[in-house]
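Participant: the following comprises the amino acid sequence and a computationally predicted model.
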Amino acid sequence: MESSSCQSHFNFVGHQYPSNQWWILSPYFPLGRTLIFSIMDVALILQIGFPGEDKAILSIFWPRSAVYINLFKTIISHTINLQFLLLKKDVVVTPSLSIPLPYLALPLCSHDEAVKLIQFKHSFAIDKTSSADCDNFGNKSYPKTDSWKEDTDCCSWDGVTCDNIKGRVIGLDLNCSWLYGTIPSNSSLFHLPHLQKLNLAFNDFNSSKMSSKFGGFASLMYLNLSGSNFAGQVSSQVSHLSKLLSLDLSRNYGQTLQQHVLEGLVHNLTEVRDLFLDGTDMSSINPNVLRNLSSSLRSLSLYMCGLGGKFPENVFHLPNLKLLNLGDNGNLSLNLPQFNRSSHLKLLDLSAMSFSRELFESIGNLVSLERLDVSNAFFSGGGLPNSIGNLISLKDLELSNCNLSGSIPISLGNLSQLSYLYLSRNFFSGSIPSSLTNLKQLEFFTIFENMLEGSIPDEVNAFPNLISLGLSSNLLGGTLPSWLYSISSLKYIYLSHNQFSGHIKEFQYNSLEVIMLDNNKLQGPIPSSLSQLVNLADLSLSSNNLSGIVEFSMFSKLQNLGVLDLSSSHLSLNSNGTSAVYTLPNLRYLSLPSCNVSKFPQFLRGSKSLLYLDLSNNSLSGKVSSLICNMTSLRFLDLSHNNLSGIIPKCLGNLSESLRMLNLQMNKFHGIIPPTFTKGCQLKNLNLNGNQLEGPLTRSILNCRGLEVLDLGDNRINDTFPHWLGSLPELQVLVLRSNQLQGSIQDNRSNLSFSKIQIFDISSNSFSGVLPVRYLKNFKAMINLTENESATRYMGVKDGTVGTFYSYSIEIAIKGVKMEVVKIFIKLTSIDLSNNKFQGEIPKAIGNLNSLKGLNLSRNNLSGCIPTSIGNLISLEWLDLSSNKLVGTIPEKLLDLTSLSIFNVSENHLQGQIPQGKQFNTFGNDSYEGNRGLCGFPVSKGCGNSELPPSNLLEEDGSKSNIAFGWKAVLTGYGCGVVFGLVMGYFVFQTGKPKWIVALVEDRHHMRRKRSKIGNRNGGGRRT
């Protein structure tokens, strides 16, 4: 047989034919709808031969090879010596065929089903975000329906499977296909009656209700609708799918399963092997219905279904059960049986439930168990028993946040197959057992947030396959283990917040992606090998005792670097002009406070993805770098405590659509505050304290509707009180101290309230008029303030993208001392109106602010009495009313202020006895000086009868009266209680019975002193 590259032949029944006459074979294919060697599918027929002298060789290149391979397999009974060799996808090579073939036909899918599939495709939009969860489950997402073209064989479409005889569509796999839309009851999907497998997982069906038509697929064996945003009740018709082997309705968190539907599933699905209902609301179901589950069941997953009641014990004994997930059903009651060693159970998830320590005793025989997850469960006592070491097949052990205590058992070293060990957020103490170095398969070693002490076991061959080491937030010390630098697989090191010391040595492999060693006691220079870790994404060495000068060029090769934190590490960073030749394009977080930085890092010119920049407490000078204006993604910017000067760039106002926090305090900026805060401003904290800013306030701040802290103190702002700031609904801290503000802060025209204000400081200005009663009444946040137990203890903002919490800082006077508060306690409340020109009386309404901790009204022109209502401020810790014109007595009610540690009423016109007992016994003379009328401890003036009576006051017997106050009786309540004083005076002169008055007064005084002594014995010491 001869052939050329231009013309090939094939031998058929003793005759040779040109390859372009393959159609001659058509009589041998009586079904004839599509010939096996059709024009659409055959790229080239090189040669066909049959047994004998001519060897059968057929090389075919066609896109539907998988279909034809299946076809050949189905007709093997009609052929002799049929053999195939599949070399690669879409290529079938060297079939040896023996004739006769009674018939051979290639089935196409039916035209009707192809049309229905096209209709189904067109009923959805394609949206990549609809399958965003696929990556979390290791599935690649792409739009499979893009391959669906009209007038082509639907059996060749991506995700479509046909049977090999009639070409009917029996499988549809569109998981992770970017589908967005709904599936109504009239969907063309339900016109594919022969489906045996249907997978629509991880799409977005927009809260579609599950149609009853899903129950019409009589041949369906596999149904997967997981993670596809179905809502409403699970259709009862699903229970009619009696052939189902696998049903997955998990992660449709808007879906509910009713009792009767589950009963139908349990009763009818007698062959079901896998049942996944995670996230389905089953709160109305009695779990006892599960006792009748099929004995063929291999997997039962009911994670986070809201189940309550008693779980049937017999489920644990199902003979084929390998996977049981009951996690996060906190109201479910379990009586765990004593398992047999013959159990096939491989995965057991009982997370977020409550158990006694006996749980581990009951599962000690599960020698086949490969994964045990009891994380976030609450154990009622004790530690981890040694029996945990019996689970010799275990690969994954998750016991985080379980209230476990005591030592980590040595027997954990017996689990030689263990790859994942999670014991975080417990109360384990003692040292890490050296037996754990036996775990040669361990990849993830995580025990952060415990109370472990001692050093990390250091053996040469320890943990050879380790990928992640997480021991942060313990009490571990000593030097870092030697194996930390030599494991080629190691990617993640989390050892922050411990007490490690010594030097960081050189790393031998560049596989590392995360190094978190912050908040330790590490010393010496940072290793030069860091510059070669080209995969490094996160590096944090902050808050250590490191030394040396670090050149910015050290990081030039770290193009994957996303987080760099060297703050407060005692390192000095030097640009030396070399940082301009490279960029760090992936940098998201840069924190270099207190690093002696004198020049703005030029590698930031390419960091358009930067979210967090902290260069505070350095030596930056001159104008703000123009590079910042290009950082359009920036959320946190802290340039405080430098020597920056010039005007604040207007671009910072323009960046407010992304900025959450802007801190420029303690620099030398001048000019006005930029009037460029745009609509949609996202700022929560604006701190410009301690500069030389002038002019009026800009009302563009009102565009920052989420602003929580505004600190403009210690500037030269010249304006009236900004009543309009009261319209900011989230404002909690307002500091305007030490500016040139003036005028009244009363505004009867305004209904604005500052209702969330907790810190209000307008001291050291020139405000005048009476105190702002209306504002005081509207400070709702200072009344019955409660702390959210789930919230942070400090004011600040947490950004999930950056993954950090930024604590707000302000500069205010606390207990008479001006200080920068670097972390604002969430319950801190204070009012400081001191050093202004306020007049009039202290309003009684101030006594309603019962959560107030600090009140400073000193150095004003206030008059009248100290209102008794101040005694209602039971949380008050400092009170300064000094340097005013207050009169009358110090109210006894102030003895109720048991938290008071600073009290100053000096330089007023107060008189009468100083309250005795409790906290008042801790205040010195300086709290009262300048009030000549005050007497009693601690001032030197006593409150006894030290004055002679006037000569015109005589007793009935003609002797002089012993009344020591004479006309003062008329003015006993001078300034306060004048009416009472006049009444007392009337009795003195009209009854002629001054001894009765004297006895009354002295008796009351005696009783008061007696109570004070009792109070002293019961407490009242200085609060620290």
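Facilitator: Cool, got the structure.
Participant: residue 914: neighbouring residues, count only.
Facilitator: Residues near residue 914, counting by other Cβ atoms under 10 Å, number 21. No exception for glycine: its C-beta is placed from N, CA and C like everyone else's.
Participant: wait, isn't it in contact with residue 935?
Facilitator: Yes. Counting by Cβ atoms under 8 Å, residue 935 is a contact partner of residue 914 at 7.1 Å.
Participant: how far does stretch 665-683 sit from its chain's centre?
Facilitator: 29 Å (Cα atoms, centre = their mean, to the nearest Å).
Participant: same question for stretch 869-880.
Facilitator: How far stretch 869-880 lies from its chain's middle: 37 Å, per Cα atoms, centre = their mean.
Participant: so for that stretch, mean pLDDT?
Facilitator: Taken as a whole, stretch 869-880 has a mean pLDDT of 94.
Participant: what comes up buried for that stretch?
Facilitator: Within stretch 869-880, the residues that count as buried by 16 or more other Cβ atoms under 10 Å are 869, 870, 871, 872, 873, 875, 876, 877, 878, 879, 880.
Participant: those residues in strands, which ones?
Facilitator: Counting by DSSP state E, the buried residues of stretch 869-880 place 878, 879, 880 in strands.
Participant: please, which helix or strand holds residue 425?
Facilitator: Residue 425 is part of no helix or strand, with elements assigned from DSSP states H and E.
Participant: list the contacts of it.
Facilitator: Contacts of residue 425 were listed using Cβ atoms under 8 Å, 6 or more residues apart in numbering, and they are 400, 401, 448, 449, 450.
Participant: how much space separates it from residue 376?
Facilitator: Here residue 425 is placed at a distance of 9 Å from residue 376 (Cβ to Cβ, to the nearest Å).
Participant: same deal with residue 235?
Facilitator: Using Cβ to Cβ, residue 235 is found at 33 Å from residue 376.
Participant: and residue 703, by the same measure?
Facilitator: 42 Å.
Participant: same question, residue 232
Facilitator: From residue 232 to residue 376 the distance is 29 Å (Cβ to Cβ).
Participant: roughly how far out does stretch 571-587 sit from the chain middle?
Facilitator: Chain-centre distance of stretch 571-587: 31 Å, with Cα atoms, centre = their mean.
Participant: and that stretch, end to end?
Facilitator: Counting by Cα to Cα, to the nearest Å, you get 20 Å between the two ends of stretch 571-587.
Participant: so for residue 232 and residue 376, which residue has more residues nearby?
Facilitator: Neighbours around residue 232 and residue 376, counted as other Cβ under 10 Å, are more numerous at residue 376. The numbers are 18 against 14.
Participant: excluding residues flanking it in the chain, which one is nearest the more buried one?
Facilitator: Closest residue to residue 376 apart from its sequence neighbours, by Cβ to Cβ, 6 or more residues apart in numbering: residue 352 at 4.3 Å.
Participant: host element of that neighbour?
Facilitator: Taking DSSP H and E as the definition, residue 352 sits outside all helices and strands.
Participant: for it, what are its contacts?
Facilitator: Residue 352 sits next to 327, 328, 329, 330, 375, 376, 377 when contact means Cβ under 8 Å, 6+ apart.
Participant: save those as TSV, and put in secondary structure and pLDDT too.
Facilitator: Shown next, in TSV, are the contacts of residue 352 (DSSP: H, G, I helix; E, B strand; the rest coil; pLDDT from 0 to 100):
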residue	secondary structure	pLDDT
327	coil	94
328	coil	94
329	coil	93
330	coil	88
375	coil	93
376	coil	92
377	coil	87
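Participant: just the buried ones out of the residues you listed, please.
Facilitator: Buried among the contacts of residue 352 by 16+ other Cβ under 10 Å: 327, 328, 329, 375, 376, 377.
Participant: hey, where'd the strands end up in the stretch 201-350 of the chain?
Facilitator: Taking DSSP state E, counting those that start in this stretch, the strands of the stretch 201-350 of the chain run over residues 208-209, 222-224, 230-233, 246-248, 254-256, 274-276, 299-301, 308-310, 323-325, 331-333, 347-349.
Participant: for the first one, packing partners?
Facilitator: On a contact count with 3 or more Cβ pairs under 8 Å, 6 or more residues apart in numbering; DSSP states H and E, strand 208-209 meets strand 230-233.
Participant: chain center to the strand it packs on, what's the gap?
Facilitator: For strand 230-233, the distance to the chain centre is 28 Å (Cα atoms, centre = their mean).
Participant: who does that strand pair up with?
Facilitator: In the sheet, strand 230-233 lines up against strand 208-209 (parallel), strand 254-256 (parallel) (DSSP bridges).
Participant: please enumerate the helices of this structure.
Facilitator: 65-74, 111-122, 259-268, 358-362, 651-654, 773-778, 978-991, 994-1017 (DSSP state H).
Participant: about what we covered before: ok, of the contacts of residue 425, which one's closest to residue 435?
Facilitator: Proximity of those to residue 435 (Cβ to Cβ) peaks at residue 450, which lies at 17.4 Å.
Participant: leaving out sequence neighbours, find the closest residue to the closest one.
Facilitator: Leaving aside its sequence neighbours, residue 450 sits nearest to residue 428 (Cβ to Cβ, 6+ apart; 4.3 Å).
Participant: give me the neighbour count for that neighbour.
Facilitator: Residue 428 sits with 22 neighbouring residues when counted by other Cβ under 10 Å.
Participant: surely it and residue 449 touch.
Facilitator: No. Judged on Cβ under 8 Å, residue 428 makes no contact with residue 449 at a distance of 9.8 Å.
Participant: from residue 306, how far off is residue 284?
Facilitator: Per Cβ to Cβ, residue 284 is found 9 Å from residue 306.
Participant: those two: who's more crowded?
Facilitator: The neighbour comparison of residue 284 against residue 306 (other Cβ under 10 Å) goes to residue 306, with 18 against 13.
Participant: ok, the more buried one - contacts?
Facilitator: Contacts for residue 306 (Cβ under 8 Å, 6+ apart) come out as 281, 282, 283, 329, 331.
Participant: return a ChimeraX selection command for the buried portion of the residues you listed.
Facilitator: For the buried members of the contacts of residue 306, the matching ChimeraX selection, counting by 16+ other Cβ under 10 Å, is:
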select :281,282,329
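Participant: so which of the contacts of residue 306 is the closest to residue 124?
Facilitator: residue 281 (26.2 Å).
Participant: hmm, residue 252 and the closest one touching each other?
Facilitator: No. At 9.7 Å, residue 281 and residue 252 do not qualify as touching, with contact defined as Cβ under 8 Å.
Participant: about what we covered before: pull up the overlap in contacts between residue 425 and residue 376.
Facilitator: Joint contacts of residue 425 and residue 376 (Cβ under 8 Å, 6+ apart) are 400, 401.
Participant: wait, what's in contact with residue 731?
Facilitator: So residue 731 contacts 707, 708, 709, 710, 725, 754, 756, 757 (Cβ under 8 Å, 6+ apart).
Participant: one more time with 6 Å
Facilitator: Applying Cβ atoms under 6 Å, 6 or more residues apart in numbering, we find residue 731 in contact with residue 707.
Participant: gap between it and residue 707?
Facilitator: The gap separating residue 731 from residue 707 is 6 Å, by Cβ to Cβ.
Participant: same question, residue 674
Facilitator: 15 Å.
Participant: more neighbours, these two?
Facilitator: A direct count of neighbours by other Cβ under 10 Å for residue 674 and residue 707 places residue 707 higher, at 25 against 17.
Participant: show me where pLDDT drops low in the stretch 51-200 of the chain?
Facilitator: The stretch 51-200 of the chain contains residues with pLDDT under 70 at 51-107.
Participant: how about low-confidence regions in the stretch 501-650 of the chain?
Facilitator: For the stretch 501-650 of the chain, the stretches with pLDDT under 70 are 576-580.
Participant: now do 50
Facilitator: Flagging of the stretch 501-650 of the chain using pLDDT under 50 yields the residue ranges 579.
Participant: let me see the ranges of the strands in it.
Facilitator: 514-516, 523-524, 538-540, 545-546, 549-551, 563-565, 572-574, 589-591, 612-614, 621-622, 636-638, 643-647.
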